[in-house]
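Asker: here is my input; please provide its structure:
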Amino acid sequence: MTKQTIVVDAVITTVGPLSIAMPIPEGGRENFYKQFPVMTRGIDDEGNKLQTGYLPATTLRGFMRRAIVTDSMIKAAEIGKHYTLQKAYAELIGQDAASESASEDIDLLKQQKQRDDNPVLDLFGVGMSLKSRLLVSHFVPKVNVLPEPFSGVRKDLEDTPDAFEALSPETQATHANRSQANSQRADADSQVKALVRQVRAAEKKGDDTTQLKAQLAAAEVLTAKFAGEMGEMQNSSRTLVGHYALPAGIDLHGKLIIERARERDLEMLVLALDALSKRPLLGAQAARGCGEITGKFTIKVDGIVKKIVEIGNWEVAKSVDF
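Answerer: Numbering: from 1, shown residues only. Purely as a prediction, here's the structure:
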């Protein structure tokens, strides 16, 4: 299959809501959707941006790489040939400190041998020495769809009366003191956040912030005081939790492309899709009902359909060859 191109037309369908939380860019701020990835796709007649949520390429690509490498690591461990830390980092993470610190001289023969010897690094690339041959697109809906909010409550001990009554009187009293301190800490923390906003606004206007900063410092002291009174358990109780997610029941369309494909590339691709079928979860908040997907992957070699793989339902992937 040398010098052939594999193109995979993929459709991922959300069975449950799809929740993703991307890192905040350095120097940036959290977006309106709590870092759910949103992109501009088109503009309206007045030039306003039209936006949609999407499944990032890195989410699927990362799953595939981990699935392939984990399978290899388990098989190697079973015969006593455990991966070294360096090999695990190179294959699983794509990190190769040696290549990243090397000179600009490129040894093409060495690179080719490395590709021939290691199917994972050949396909996914590593460090600065080997470029990936696997290209993955973002997955987007046919029409623009923005993520929607989901919320819940993490309850406190007294919300389960039988459990609370089973505690000793001393522990119940400790809980009551902690709850009071937690309430006071939350009030003080809200004041801190409000004062931080006021200080920023005043600084932008060029106003004197001396008094505001003094109030902020006092509020921060109170927050620390009440947090200390909570003891070792300083996590908030009866807390509102929330996240953003794309809705269930929508199709997300994308592509996977393998350049200069080899026979073993297709084998790894099918292995990764089978792993996703057996545990069909992507993204975050799986414990809260998010992330389950199904999918259909139409695999073409040089434009000719060779295989269709359907995934999902926590079972082995279904494949049809042509």
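Asker: where do the helices of the stretch 101-250 of the chain begin and end?
Answerer: Ranges of helices in the stretch 101-250 of the chain, per DSSP state H, counting those that start in this stretch, are 108-117, 119-124, 161-165, 169-205, 210-229.
Asker: how about residue 46, secondary structure?
Answerer: Secondary structure for residue 46, judged by DSSP: H, G, I helix; E, B strand; the rest coil, is coil.
Asker: same thing with residue 275?
Answerer: helix.
Asker: if you count neighbours, what's buried in the strand or helix carrying residue 86?
Answerer: Per DSSP states H and E: residue 86 is located in helix 85-88. Within helix 85-88, the residues that qualify as buried are residue 87, counting by 16 or more other CB atoms under 10 Å. In short, each C-beta sits where N, CA and C put it, glycine included.
Asker: again, but for stretch 157-166
Answerer: Under the neighbour-count criterion of 16+ other CB under 10 Å, stretch 157-166 has 157-158 buried.
Asker: now do the end-to-end distance for it.
Answerer: Taking CA to CA, to the nearest Å, stretch 157-166 runs 11 Å from one end to the other.
Asker: distance from the chain centre to it, please.
Answerer: 35 Å (CA atoms, centre = their mean, to the nearest Å).
Asker: pLDDT of that stretch, averaged?
Answerer: Taken as a whole, stretch 157-166 has an average pLDDT of 82.
Asker: what's the helix holding residue 86 in contact with?
Answerer: By CB atoms under 8 Å, 6 or more residues apart in numbering, the surrounding residues in contact with helix 85-88 are 69, 73.
Asker: one more time with 10 Å
Answerer: By CB atoms under 10 Å, 6 or more residues apart in numbering, the residues outside helix 85-88 that reach it are 69, 72-73, 76, 82, 95-98, 118, 120-121.
Asker: in a markdown table, list these along with pLDDT.
Answerer: Listed next are those as a markdown table, based on pLDDT from 0 to 100:
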| residue | pLDDT |
| --- | --- |
| 69 | 97 |
| 72 | 96 |
| 73 | 97 |
| 76 | 96 |
| 82 | 96 |
| 95 | 86 |
| 96 | 80 |
| 97 | 68 |
| 98 | 66 |
| 118 | 95 |
| 120 | 96 |
| 121 | 96 |
